[in-house]
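> coords please:
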Amino acid sequence: MTSEQQLRIDLAAAFRLVHEMGMHESVANHLSAAVSADGKEFIMNRRWMHFANVTASNLQLLNSDDDSVMASNEAPDASAWSIHGNIHQALPEAKVVLHAHPTYATVLSTLKDPRILPIDNNTVRFYERIAYDTNFGGIATSDQEGKRILDTLAGKKALMMGNHGITVIGETVAEAFEDLYYLEKACKTMVLAYSTGQQLNVLPHGLALETAQSWDQFSGAALAHFEQLKGHLENQGSSYQH
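Residues are numbered from 1 along each chain as shown. Modelled structure (predicted):
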(Lines give C-alpha, C1' and ligand atoms only; values in the text may rest on other atoms or scores of the structure.)
Protein backbone atom coordinates (compact mmCIF):
# COMPACT_ATOMS: atom_id res chain seq x y z
CA MET A 1 0.00 0.00 0.00
CA THR A 2 1.42 3.39 -0.97
CA SER A 3 1.85 6.09 1.63
CA GLU A 4 -0.74 8.21 -0.19
CA GLN A 5 -3.25 5.37 -0.10
CA GLN A 6 -2.74 4.90 3.65
CA LEU A 7 -3.11 8.65 4.13
CA ARG A 8 -6.36 8.55 2.17
CA ILE A 9 -7.68 5.73 4.34
CA ASP A 10 -6.73 7.51 7.56
CA LEU A 11 -8.20 10.84 6.48
CA ALA A 12 -11.41 9.16 5.33
CA ALA A 13 -11.62 7.50 8.75
CA ALA A 14 -11.24 10.91 10.40
CA PHE A 15 -14.22 12.21 8.41
CA ARG A 16 -16.36 9.28 9.52
CA LEU A 17 -15.29 9.68 13.15
CA VAL A 18 -15.93 13.43 13.19
CA HIS A 19 -19.42 12.64 11.86
CA GLU A 20 -19.99 9.86 14.39
CA MET A 21 -18.96 12.13 17.26
CA GLY A 22 -21.32 14.88 16.09
CA MET A 23 -18.57 17.37 15.35
CA HIS A 24 -19.57 17.83 11.70
CA GLU A 25 -21.87 20.49 10.26
CA SER A 26 -24.20 19.75 7.31
CA VAL A 27 -22.01 19.40 4.20
CA ALA A 28 -19.61 22.10 5.41
CA ASN A 29 -16.22 22.00 7.17
CA HIS A 30 -13.12 20.37 5.75
CA LEU A 31 -10.19 18.11 6.57
CA SER A 32 -7.05 17.82 4.46
CA ALA A 33 -3.66 16.11 4.35
CA ALA A 34 -0.52 16.83 2.33
CA VAL A 35 0.74 14.10 0.01
CA SER A 36 3.89 15.86 -1.24
CA ALA A 37 7.05 16.70 0.70
CA ASP A 38 6.56 20.44 0.21
CA GLY A 39 2.95 20.14 1.42
CA LYS A 40 1.50 21.83 -1.64
CA GLU A 41 -0.23 18.76 -3.03
CA PHE A 42 -2.98 17.70 -0.69
CA ILE A 43 -6.16 15.65 -0.46
CA MET A 44 -9.42 17.12 0.83
CA ASN A 45 -13.14 16.42 0.80
CA ARG A 46 -14.99 17.40 -2.34
CA ARG A 47 -17.36 20.34 -2.34
CA TRP A 48 -20.45 19.76 -0.25
CA MET A 49 -19.88 16.07 0.38
CA HIS A 50 -21.28 14.91 3.70
CA PHE A 51 -18.65 13.52 6.07
CA ALA A 52 -20.58 10.22 6.28
CA ASN A 53 -20.04 9.68 2.55
CA VAL A 54 -16.31 10.41 2.35
CA THR A 55 -14.15 7.46 1.29
CA ALA A 56 -10.45 7.04 0.56
CA SER A 57 -11.08 7.06 -3.18
CA ASN A 58 -13.36 10.09 -3.43
CA LEU A 59 -11.02 12.50 -1.66
CA GLN A 60 -9.92 15.18 -4.12
CA LEU A 61 -6.24 15.73 -4.99
CA LEU A 62 -5.39 19.44 -5.17
CA ASN A 63 -2.32 21.64 -5.58
CA SER A 64 -2.17 24.88 -3.62
CA ASP A 65 -0.14 26.49 -6.43
CA ASP A 66 -2.88 25.80 -8.99
CA ASP A 67 -5.99 27.87 -8.35
CA SER A 68 -7.38 27.15 -11.84
CA VAL A 69 -9.40 24.37 -10.22
CA MET A 70 -11.63 27.06 -8.70
CA ALA A 71 -12.92 27.92 -12.20
CA SER A 72 -13.72 24.29 -13.03
CA ASN A 73 -16.58 21.91 -12.33
CA GLU A 74 -14.30 20.22 -9.78
CA ALA A 75 -13.90 23.35 -7.65
CA PRO A 76 -13.71 22.59 -3.92
CA ASP A 77 -15.66 24.67 -1.44
CA ALA A 78 -14.38 28.25 -1.63
CA SER A 79 -13.78 28.53 2.12
CA ALA A 80 -11.96 25.18 2.11
CA TRP A 81 -9.64 26.42 -0.63
CA SER A 82 -9.11 29.73 1.19
CA ILE A 83 -8.12 28.11 4.48
CA HIS A 84 -6.48 24.83 3.50
CA GLY A 85 -4.93 26.07 0.28
CA ASN A 86 -3.10 28.87 2.07
CA ILE A 87 -1.96 26.70 4.98
CA HIS A 88 -0.65 23.91 2.76
CA GLN A 89 1.07 26.40 0.48
CA ALA A 90 2.94 28.17 3.29
CA LEU A 91 3.42 25.53 6.00
CA PRO A 92 5.00 22.26 4.81
CA GLU A 93 5.04 21.13 8.44
CA ALA A 94 1.23 21.25 8.46
CA LYS A 95 0.85 17.75 7.07
CA VAL A 96 -2.74 17.46 8.28
CA VAL A 97 -5.21 20.34 8.66
CA LEU A 98 -8.57 19.76 10.35
CA HIS A 99 -11.11 22.59 10.37
CA ALA A 100 -14.50 22.15 12.03
CA HIS A 101 -17.25 23.91 13.96
CA PRO A 102 -17.97 21.48 16.82
CA THR A 103 -20.57 22.68 19.30
CA TYR A 104 -18.59 23.57 22.42
CA ALA A 105 -15.56 24.96 20.61
CA THR A 106 -17.82 27.17 18.52
CA VAL A 107 -19.71 28.33 21.61
CA LEU A 108 -16.45 29.25 23.34
CA SER A 109 -15.28 31.04 20.17
CA THR A 110 -18.24 33.40 20.45
CA LEU A 111 -17.28 34.72 23.89
CA LYS A 112 -15.52 38.04 24.31
CA ASP A 113 -12.75 36.06 26.01
CA PRO A 114 -12.50 32.72 24.12
CA ARG A 115 -9.42 31.51 25.97
CA ILE A 116 -9.15 27.94 27.19
CA LEU A 117 -8.09 28.43 30.80
CA PRO A 118 -6.05 25.77 32.64
CA ILE A 119 -8.66 24.30 34.97
CA ASP A 120 -8.21 20.55 34.42
CA ASN A 121 -6.02 18.06 32.54
CA ASN A 122 -7.79 18.51 29.21
CA THR A 123 -7.84 22.30 29.23
CA VAL A 124 -4.23 22.48 30.37
CA ARG A 125 -3.24 20.34 27.36
CA PHE A 126 -3.59 23.53 25.28
CA TYR A 127 -1.99 25.95 27.71
CA GLU A 128 0.18 28.33 25.67
CA ARG A 129 -0.15 25.87 22.76
CA ILE A 130 -3.14 27.40 21.01
CA ALA A 131 -3.44 30.65 19.06
CA TYR A 132 -6.46 32.92 19.26
CA ASP A 133 -8.00 34.84 16.38
CA THR A 134 -10.42 37.53 17.54
CA ASN A 135 -10.63 39.38 14.23
CA PHE A 136 -13.36 37.44 12.45
CA GLY A 137 -13.62 38.59 8.84
CA GLY A 138 -16.74 36.77 7.69
CA ILE A 139 -16.99 33.46 5.85
CA ALA A 140 -13.46 32.70 4.69
CA THR A 141 -13.99 32.67 0.93
CA SER A 142 -11.25 35.14 -0.03
CA ASP A 143 -7.55 34.58 -0.42
CA GLN A 144 -6.97 37.57 1.85
CA GLU A 145 -9.00 36.02 4.68
CA GLY A 146 -7.24 32.69 4.22
CA LYS A 147 -3.84 34.37 4.54
CA ARG A 148 -4.99 36.29 7.62
CA ILE A 149 -6.08 33.03 9.27
CA LEU A 150 -2.75 31.46 8.32
CA ASP A 151 -0.86 34.32 9.96
CA THR A 152 -2.80 33.96 13.21
CA LEU A 153 -1.59 30.36 13.69
CA ALA A 154 1.75 31.93 14.66
CA GLY A 155 3.63 28.65 15.03
CA LYS A 156 0.95 26.94 17.12
CA LYS A 157 -0.75 23.64 16.28
CA ALA A 158 -4.25 24.77 17.19
CA LEU A 159 -6.26 27.89 16.45
CA MET A 160 -9.37 29.15 18.21
CA MET A 161 -11.14 31.09 15.48
CA GLY A 162 -13.22 33.78 17.14
CA ASN A 163 -16.91 33.71 16.14
CA HIS A 164 -16.11 30.80 13.82
CA GLY A 165 -14.72 27.46 15.06
CA ILE A 166 -11.37 25.72 15.36
CA THR A 167 -8.48 24.50 13.22
CA VAL A 168 -5.77 22.05 14.23
CA ILE A 169 -2.67 20.96 12.35
CA GLY A 170 -0.49 17.91 12.89
CA GLU A 171 2.17 15.59 11.55
CA THR A 172 -0.23 12.67 11.14
CA VAL A 173 -3.98 12.20 10.89
CA ALA A 174 -3.98 10.40 14.24
CA GLU A 175 -2.16 13.24 16.02
CA ALA A 176 -4.31 15.96 14.49
CA PHE A 177 -7.50 14.02 15.22
CA GLU A 178 -6.46 13.55 18.85
CA ASP A 179 -5.97 17.30 19.22
CA LEU A 180 -9.35 17.97 17.63
CA TYR A 181 -10.96 15.45 19.97
CA TYR A 182 -9.34 16.88 23.10
CA LEU A 183 -9.88 20.47 22.01
CA GLU A 184 -13.62 19.93 21.82
CA LYS A 185 -13.53 18.21 25.23
CA ALA A 186 -11.57 21.13 26.70
CA CYS A 187 -14.05 23.61 25.28
CA LYS A 188 -16.94 21.58 26.70
CA THR A 189 -15.29 21.73 30.13
CA MET A 190 -14.93 25.51 29.82
CA VAL A 191 -18.53 26.07 28.71
CA LEU A 192 -19.95 23.85 31.47
CA ALA A 193 -17.69 25.41 34.11
CA TYR A 194 -18.81 28.90 33.07
CA SER A 195 -22.44 27.75 33.17
CA THR A 196 -22.24 27.07 36.92
CA GLY A 197 -21.75 30.76 37.59
CA GLN A 198 -19.05 29.88 40.11
CA GLN A 199 -15.53 31.30 40.11
CA LEU A 200 -13.08 29.16 38.14
CA ASN A 201 -10.16 27.60 40.00
CA VAL A 202 -7.46 28.44 37.45
CA LEU A 203 -4.13 26.69 37.87
CA PRO A 204 -1.06 28.90 38.44
CA HIS A 205 1.18 29.50 35.44
CA GLY A 206 4.06 27.26 36.52
CA LEU A 207 1.88 24.27 37.32
CA ALA A 208 -0.17 24.74 34.15
CA LEU A 209 2.96 24.87 32.02
CA GLU A 210 4.46 21.80 33.68
CA THR A 211 1.23 19.84 33.30
CA ALA A 212 0.90 20.85 29.64
CA GLN A 213 4.42 19.59 28.99
CA SER A 214 3.63 16.31 30.73
CA TRP A 215 1.09 15.59 27.99
CA ASP A 216 4.04 15.00 25.64
CA GLN A 217 4.76 11.76 27.51
CA PHE A 218 1.48 10.38 26.18
CA SER A 219 2.02 11.15 22.50
CA GLY A 220 1.69 7.47 21.57
CA ALA A 221 -1.87 7.45 22.85
CA ALA A 222 -3.01 9.33 19.75
CA LEU A 223 -2.15 6.44 17.43
CA ALA A 224 -3.55 3.84 19.82
CA HIS A 225 -6.82 5.76 20.11
CA PHE A 226 -7.12 6.34 16.37
CA GLU A 227 -6.35 2.73 15.40
CA GLN A 228 -8.98 1.43 17.82
CA LEU A 229 -11.51 3.94 16.51
CA LYS A 230 -10.78 2.74 12.98
CA GLY A 231 -11.41 -0.80 14.20
CA HIS A 232 -14.73 0.36 15.56
CA LEU A 233 -15.65 1.76 12.13
CA GLU A 234 -14.68 -1.51 10.47
CA ASN A 235 -16.77 -3.50 12.94
CA GLN A 236 -19.71 -1.35 11.89
CA GLY A 237 -19.10 -2.23 8.25
CA SER A 238 -18.05 1.29 7.31
CA SER A 239 -17.06 1.84 3.67
CA TYR A 240 -14.48 4.53 4.44
CA GLN A 241 -11.53 2.46 3.17
CA HIS A 242 -12.89 2.11 -0.39
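> for the least confident helix or strand in the chain by mean pLDDT, packing partners?
In the chain, no helix or strand scores lower on mean pLDDT, DSSP states H and E than helix 143-153, which sits at a mean of 91. Contacts defined by 3 or more Cβ pairs under 8 Å, 6 or more residues apart in numbering; DSSP states H and E place helix 143-153 against helix 86-90, strand 131-133, strand 158-161, strand 165-170. No exception for glycine: its C-beta is placed from N, CA and C like everyone else's.
> show the subsequent helix or strand relative to the longest one.
As assigned by DSSP states H and E, the chain's next helix or strand after strand 165-170 is helix 173-195.
> what angle separates that next one from strand 165-170?
150 degrees (axes from the mean of the first three to the mean of the last three Cα atoms, to 10 degrees).
> distance check, residue 121 against residue 31.
26 Å (Cβ to Cβ, to the nearest Å).
> quick one: which of these two has more around it?
residue 31 (28 against 15; other Cβ atoms under 10 Å).
> so where's the protein shaky on pLDDT?
1-2 (pLDDT under 70).
> which residue ranges form the strands in it?
Here the chain has its strands, by DSSP state E, at 30-34, 41-44, 60-63, 96-100, 131-133, 158-161, 165-170.
> may I see these arranged in CSV, with distance to residue 206 as well?
Formatted as CSV, the strands of the chain follow (distance: least, Cβ to Cβ, whole Å):
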stretch, distance to residue 206
strand 30-34, 36
strand 41-44, 39
strand 60-63, 44
strand 96-100, 31
strand 131-133, 22
strand 158-161, 22
strand 165-170, 26
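> the residue of the chain positioned farthest from its centre and residue 175: what is the separation?
Farthest-out residue of the chain from its mean C-alpha position, per Cα atoms, centre = their mean: residue 198, at 30.7 Å. According to Cβ to Cβ, residue 198 stands 34 Å off from residue 175.
> ok, now residue 25?
23 Å.
> who's more crowded, those two?
A direct count of neighbours by other Cβ under 10 Å for residue 25 and residue 175 places residue 175 higher, at 19 against 15.
> residue contacts, the more buried one?
96, 219, 222, 223 (Cβ atoms under 8 Å, 6 or more residues apart in numbering).
> could you check how far the last one is from residue 184?
So that's residue 223. 19 Å.
> higher neighbour count, those two?
residue 184 (23 against 14).
> gap between the nearest residue to the more buried one once chain neighbours are set aside and residue 183?
Closest residue in space to residue 184, ignoring its immediate chain neighbours: residue 102 at 4.5 Å, by Cβ to Cβ, 6 or more residues apart in numbering. In this view, residue 102 and residue 183 are 8 Å apart by Cβ to Cβ.
> ok, the two, which is more surrounded?
residue 183 (29 against 23).
> for residue 234, see how far away the more buried one is.
With Cβ to Cβ as the criterion, residue 183 and residue 234 are 26 Å apart.
> what does residue 222 give?
19 Å.
> most centrally placed residue in this protein?
Short answer for the chain (Cα atoms, centre = their mean): residue 98, at 2.6 Å.
> for that residue, what are its contacts?
14, 18, 31, 32, 167, 168, 169, 170, 176, 177, 179, 180 are the contacts of residue 98 under Cβ under 8 Å, 6+ apart.
> 6 Å - rerun?
Contact analysis of residue 98 by Cβ atoms under 6 Å, 6 or more residues apart in numbering lists 31, 168, 176, 180.
> just residue 157 next, same as before
Residue 157 neighbours (Cβ under 6 Å, 6+ apart): residue 169.
> try residue 11
33, 173.
> ok, the nearest residue to residue 221 once chain neighbours are set aside to residue 220 distance?
Nearest non-adjacent residue to residue 221, counting by Cβ to Cβ, 6+ apart: residue 178, 7.2 Å away. Noted for residue 178: a distance of 10 Å to residue 220, by Cβ to Cβ.
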